[in-house]
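Asks: Have a look; sequence and predicted model below, questions after that.
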There are 2 protein chains.
Amino acid sequence: MKKSFGPETIVFPTPVWCVGSYDKDGNPNIMTIAWGGICCSKPPCVTVSVRKAAYTYGNIMERRAYTLNVPSARYVKEADYFGIASGKSADKFKVAGLTPVKGELVDAPYVKEFPMILECNVVHTYELGLHTQFVGEIMDVKVDESCLDDEGKPDILKIQPIVYTPQAQKYYAIGEFLGKGFSIGKELT
Amino acid sequence: MKKSFGPETIVFPTPVWCVGSYDKDGNPNIMTIAWGGICCSKPPCVTVSVRKAAYTYGNIMERRAYTLNVPSARYVKEADYFGIASGKSADKFKVAGLTPVKGELVDAPYVKEFPMILECNVVHTYELGLHTQFVGEIMDVKVDESCLDDEGKPDILKIQPIVYTPQAQKYYAIGEFLGKGFSIGKELT
């Protein structure tokens, strides 16, 4: 039997991504979100949803750019802090002891210590209700060389991204390898 | 040092979600996606991105509804198959031996055997390029009673959703608990 929870934003898994932006004075800010995902392959685009009340909202509206930073599990405390504090009143990079680096291709800062970074320029802005969805075209993906596999591809077990559970509000690590995509299902075809 | 991968759709984690829809004749179809995410809290909305070439695309355009089904790790083979085969030529529910159930609130079928189901009505359709993004308002979330925690909330370790890694094309399970959201970061404030 299934239990109904009604119209709620509960779905698993959701990501833990830190969105980097500059304010009008050029100060770097960073906030954590779980509302986002890849939305198009060509052009390569990823969305992040932000409330108008967030300091990041004004920054992205003005600069039309953001970075998407994937924190490793070892930075779960910092990632949580980035979702609690506001850039209106705190220099979150400084408090967390992390380093803002100016994006190579976009007008937004990324987190030097995080292993996976996407540089994005905003190509669409959709007003959905409490949240505004920013569709960012991915200009570059940067990954720490220490987090690549034998084939030179990003290795999720080395990057150690964090998974978030809405409602329960808990963070989890990545677990065991389950199978190869576009492969293990072939026996059913 | 970070290595640049250029403008690619590589980011971790991405979800493994199976999208249920009816075709014009009322036949149930199901396809697996990794491009999607929650996009708004009020109204509660979740996006799925689908290529025009997919059978699901025409179904959702016509019915303006879909279900989002979260497969457990034990169904990773079936989920992979749902991303390989096309509903144009296969009855994927039948081949996989899974049961389509008519949505209670929307005009789309869900997978009875999967532990977490969202019923969604399409409220926006955005053409982004290769993919079309469907924004679905979440009308209900249904979770197997056997997958709830002691507080009656959905338990990710019981639901066992799957994480996907773009480019490497691999599936992973959920790992260890890392901390409580809006809590473990407070010591930095």
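Replies: Now that the structure is in, tell me what you want to look at.

Asks: Tell me if the longest strand anywhere in chain A is near chain B.
Replies: Ordering each strand of chain A by length in residues (DSSP state E) puts strand A:131-144 first. Yes: using C-beta under 8 Å from any C-beta of the partner chain, strand A:131-144 reaches chain B at A:131, A:133, A:135, A:137-144. For glycine as for every other residue, the C-beta is placed from the backbone atoms N, C-alpha and C.

Asks: Please dump those residues into JSON lines; it should also carry neighbour count and pLDDT for every row.
Replies: Below are those laid out as JSON lines (neighbours: other C-beta atoms under 10 Å in any protein chain shown; pLDDT from 0 to 100):
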{"residue": "A:His131", "neighbour count": "25", "pLDDT": "98"}
{"residue": "A:Gln133", "neighbour count": "26", "pLDDT": "98"}
{"residue": "A:Val135", "neighbour count": "21", "pLDDT": "98"}
{"residue": "A:Glu137", "neighbour count": "20", "pLDDT": "98"}
{"residue": "A:Ile138", "neighbour count": "25", "pLDDT": "98"}
{"residue": "A:Met139", "neighbour count": "19", "pLDDT": "98"}
{"residue": "A:Asp140", "neighbour count": "19", "pLDDT": "98"}
{"residue": "A:Val141", "neighbour count": "26", "pLDDT": "98"}
{"residue": "A:Lys142", "neighbour count": "24", "pLDDT": "98"}
{"residue": "A:Val143", "neighbour count": "24", "pLDDT": "98"}
{"residue": "A:Asp144", "neighbour count": "19", "pLDDT": "98"}
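
Asks: Quick one: residues contacting A:Asp144.
Replies: Neighbouring residues of A:Asp144 by C-beta atoms under 8 Å, 6 or more residues apart in numbering or on different chains: A:115-116, A:159, B:1-3.

Asks: Tell me the buried residues within those residues.
Replies: A:115-116, A:159, B:2 (16 or more other C-beta atoms under 10 Å in any protein chain shown).

Asks: buried residues in stretch A:158-175?
Replies: A:159-166, A:168, A:170-175.

Asks: and chain B, which of these contact it?
Replies: Near chain B, by the rule C-beta under 8 Å from any C-beta, you find A:159, A:161-166, A:168, A:170-175 out of the buried residues of stretch A:158-175.

Asks: what's the most distant pair in these?
Replies: Farthest pair in these (C-beta to C-beta) is A:Ile159 and A:Ala168. Separation: 23.5 Å.

Asks: Which of the contacts of A:Asp144 fall in helices?
Replies: Counted as lying in helices by DSSP state H, out of the contacts of A:Asp144, are A:Ile159.

Asks: and of the contacts of A:Asp144, the nearest to A:Val19?
Replies: The closest of the contacts of A:Asp144, once distances to A:Val19 are taken by C-beta to C-beta, is A:Met116, at 13.6 Å.

Asks: Next, give phi and psi for the closest residue in space to that closest one that isn't next to it in sequence.
Replies: Once flanking residues are discounted, A:Met116 sits nearest to A:Val70: 3.8 Å by C-beta to C-beta, 6 or more residues apart in numbering or on different chains. In this entry, A:Val70 is assigned phi and psi values of phi -100, psi 110 (degrees, to the nearest 10).

Asks: Tell me which residues touch A:Val70, please.
Replies: For A:Val70, the contact set (C-beta under 8 Å, 6+ apart) comprises A:15-18, A:114-117, A:159, A:161, B:11-12.

Asks: Need the pLDDT of it.
Replies: At A:Val70, the model reports a pLDDT of 99.

Asks: gap between it and A:Leu128?
Replies: A:Val70 sits at a distance of 24 Å from A:Leu128 (criterion: C-beta to C-beta, to the nearest Å).

Asks: A:Val101 now?
Replies: With distances taken as C-beta to C-beta, A:Val101 is found 31 Å from A:Leu128.

Asks: tell me the strands in chain A, going along the chain?
Replies: Using DSSP E, strands in chain A cover A:2-4, A:14-15, A:17-22, A:28-33, A:36-40, A:45-51, A:65-70, A:100-102, A:109-111, A:116-127, A:131-144, A:163-165, A:170-180.

Asks: how about the shortest one, does it reach chain B?
Replies: It stands for strand A:14-15. Yes: using C-beta under 8 Å from any C-beta, strand A:14-15 reaches chain B at A:14-15.

Asks: quick one: strands adjacent to that strand?
Replies: Paired strands of strand A:14-15, with direction, are strand A:163-165 (antiparallel) (DSSP bridges).

Asks: got a list of what the residue nearest the centre of chain A touches?
Replies: The centroid of chain A falls nearest to A:Trp17 when counting by C-alpha atoms, centre = their mean (2.4 Å). A:Trp17 makes contacts with A:32-34, A:36, A:48, A:68-70, B:11, as judged by C-beta under 8 Å, 6+ apart.

Asks: at 10 Å instead, please
Replies: Counting by C-beta atoms under 10 Å, 6 or more residues apart in numbering or on different chains, A:Trp17 touches A:31-37, A:46, A:48, A:67-71, A:79, A:82, A:114, A:116, A:118, A:161-162, A:164, B:11-13, B:37.

Asks: Next one, pLDDT for it please.
Replies: 98.

Asks: which residues does the residue nearest to it when sequence neighbours are not counted contact?
Replies: Computed as C-beta to C-beta, 6+ apart, the closest residue to A:Trp17 that is not its neighbour in sequence is A:Leu68, at 5.2 Å. Counting by C-beta under 10 Å, 6+ apart, A:Leu68 touches A:15, A:17-20, A:33, A:36, A:46-48, A:108, A:110, A:114, A:116-120, A:136, A:138, A:141, B:11.
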